[in-house]
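Undergrad: Compute the structure for the input listed below.
(one chain, ligands or ions: 2)
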Amino acid sequence: MPSLGLRKGNIIDIESTAKAIDNCLNDLERLTGVPIYSTIAGFSGTSISAINNHAVVAVGNPNNEITAEDKERVIHSARNVALPPDKTVIQIIERQYIVDGYDGVKDPVGMVGSRLEAEVTIIIAATAAIQNMQRSTQRINLQLSNIVYNPLLVSETVLLPAEKEMGVVLMDIGAGTIDISFFAAGSILYTSVLPVGGEYITKDLAIVLRTSLEEAARIKKDYGIASPEMADSSTLIEVRNIQGKEVKQVSQEVVSEIINARVVEIIEMIYAELNQFECWDRIPGGIVLTGGGAELAGITGVMEKYLNVPVRLGVPDNLRGIPADFSRPRNASVLGGLVYSAKNLEIAYDEEGQGLTSIFNRISYWFIDLFR
Ligand SMILES: Nc1ncnc2c1ncn2[C@@H]1O[C@H](COP(=O)(O)OP(=O)(O)OP(=O)(O)O)[C@@H](O)[C@H]1O
Ligand SMILES: [Mg+2]
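TA: Ligands and ions are numbered 1, 2, ... in the order given. A predicted model of the protein is given here:
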């Protein structure tokens, strides 16, 4: 579904963003026969950044049993970072708790100790970017039940628990942005969003081949290869000019040279970012690629060659009942959103406490069935 109101992952036009969401929901309602009132939104954009923070509290209870209230206090204190007024916290990820010096605790409630520490990753974004998203959904009366940083959705369906534990980089290559996230010890540690993506390659192809963006995108998808070494010089591709009338021919090799130049440039930006994360010797899981941009033929090989770490495609495969041709890198965030929602789903009871209402019944059972 084209979303014309977005640029580099940021909303630049609320009206057309709202319209794009509405069209998409209408299609989905027609397809499933289920009315949609609320949604979780996967959020990204160049304003995203992450802060790692740490806090300590003394356990309140005289018998040293840690309560939910202690946990709440330590998280409250850990999320208390000074932010410029135009930034806002969108998510707090509880990485681990430390009880009397013993680390690796996932949930301290009920444990005994006198000193409780929390380590968290705080995801922050531009306040305006969040408000623009809220405005877009309000315009079509869609309730935003939760805003989740996109890579956390993606990670649900393409990363193995062992990879997240040992260290892995997840890279979601979208149209206008690339989300890069480093996971280790089971959680996201560092993340940033680059203002480039597949569109950057398409635009350059359109300029060099003197054609439209639509034609360039088609050529990239059908014939594009990330490395000229893999291209066939005898394969000729028909290219229409901007007016859509005249047709000329270019070889696949020439097309892939144009693509390769941009891919290498993007990889250099990625390299600089990973240097900032200081994660090179901490990623035995290598790099996992998702998003439509990851579907460019040969991209894993080129990236492996330049970065000298294993690179694989993130294909969502922990879901049942999803057609194989939908389980692709570009759908990782949508499918990850399903898994995330299913894990965090609150079962809705109707007023008489008579169990589930019928719509919820259908959706939640489908969700639960999906990933068990
Ligand atoms: N087979 C393919 N080969 C090469 N590129 C592809 C292929 N399929 C999709 N793309 C590219 O992937 C990009 C879209 O990816 P995706 O759907 O993940 O983006 P998005 O989530 O809409 O964008 P963003 O994350 O930036 O908001 C486009 O640039 C498109 O040209
Ligand atoms: Mg995306």
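Undergrad: Relative to A20, how far out is the residue of the stretch 1-150 of the chain found nearest ligand 1?
TA: Residue nearest to ligand 1 within the stretch 1-150 of the chain (Cβ to the nearest ligand atom): G9, separated by 4.7 Å. (C-beta placed from N, C-alpha, C; glycine too.) According to Cβ to Cβ, to the nearest Å, G9 stands 14 Å off from A20.
Undergrad: Same check on E265?
TA: Distance from E265 to A20, by Cβ to Cβ: 29 Å.
Undergrad: List the contacts of Q96.
TA: Residues in contact with Q96 (Cβ atoms under 8 Å, 6 or more residues apart in numbering) are 103-106, 118-119, 185-187.
Undergrad: can you do 10 Å?
TA: Contact analysis of Q96 by Cβ atoms under 10 Å, 6 or more residues apart in numbering lists 103-106, 108, 117-120, 185-187.
Undergrad: the more surrounded of E265 and A20?
TA: A20 (18 against 14; other Cβ atoms under 10 Å).
Undergrad: What helix or strand is that one located in?
TA: Following DSSP states H and E, the helix or strand that holds A20 is helix 14-32.
Undergrad: which other helices and strands contact that helix?
TA: strand 6-7, strand 38-43, helix 127-139, helix 358-371 (3 or more Cβ pairs under 10 Å, 6 or more residues apart in numbering; DSSP states H and E).
Undergrad: same thing but 8 Å
TA: Helix 14-32 is packed against helix 127-139, with contacts defined by 3 or more Cβ pairs under 8 Å, 6 or more residues apart in numbering; DSSP states H and E.
Undergrad: Quick one: distance of the helix it packs on to the chain centre.
TA: On the basis of Cα atoms, centre = their mean, to the nearest Å, helix 127-139 sits 18 Å off its chain's mean C-alpha point.
Undergrad: Could I get the CA-only coordinates of it as CSV?
TA: Output of helix 127-139 as CSV, limited to C-alpha atoms (Å, rounded to 0.1, in the frame of the first residue of the first chain):
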residue,chain,number,x,y,z
THR,A,127,7.5,14.3,20.4
ALA,A,128,6.1,15.8,17.2
ALA,A,129,6.6,12.6,15.3
ILE,A,130,4.6,10.7,17.9
GLN,A,131,1.9,13.3,18.0
ASN,A,132,1.6,13.3,14.2
MET,A,133,1.0,9.6,14.3
GLN,A,134,-1.6,10.0,17.0
ARG,A,135,-3.3,12.7,14.9
SER,A,136,-3.3,10.5,11.8
THR,A,137,-5.1,7.7,13.6
GLN,A,138,-7.5,10.0,15.5
ARG,A,139,-8.6,11.4,12.1
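Undergrad: in the following helix or strand past that helix, what's buried?
TA: Per DSSP H and E, the first helix or strand lying C-terminal to helix 127-139 is strand 143-149. Buried residues in strand 143-149, counted by 16 or more other Cβ atoms under 10 Å: 144, 147-149.
Undergrad: Kindly report the same for stretch 111-118.
TA: Applying 16+ other Cβ under 10 Å to stretch 111-118 flags 111, 113, 116-118 as buried.
Undergrad: Sort out for me which of these are in strands.
TA: 116-118 (DSSP state E).
Undergrad: residues in contact with the closest residue to T17 other than its chain neighbours?
TA: In this structure, T17 finds its nearest non-sequential neighbour in G5, 3.4 Å apart by Cβ to Cβ, 6 or more residues apart in numbering. G5 is in contact with 11-20, 136, counting by Cβ under 8 Å, 6+ apart.
Undergrad: Tell me the buried residues within the residues you listed.
TA: With neighbours counted by 16+ other Cβ under 10 Å, these contain buried members at 11, 13-14, 16-20, 136.
Undergrad: Out of those, which are close to ligand 1?
TA: By Cβ under 6 Å from any ligand atom, no member of the buried ones among the contacts of G5 lies near ligand 1.
Undergrad: Mind putting those into TSV with pLDDT?
TA: What follows is the buried ones among the contacts of G5, written out as TSV (pLDDT from 0 to 100):
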residue	pLDDT
I11	80
D13	84
I14	86
S16	85
T17	85
A18	87
K19	87
A20	86
S136	87
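Undergrad: Against S234, how distant is S251?
TA: For S251 relative to S234 (Cβ to Cβ), the value is 7 Å.
Undergrad: Quick one: mean pLDDT for the helix or strand in which I207 is found?
TA: Using DSSP H and E, I207 sits within helix 198-209. The average of the pLDDT scores along helix 198-209 is 97.
Undergrad: coming back round to it: out of the buried residues of strand 143-149, what pair is the most spread apart?
TA: By the measure Cβ to Cβ, L144 and Y149 form the most distant pair in the buried residues of strand 143-149, at 14.1 Å.
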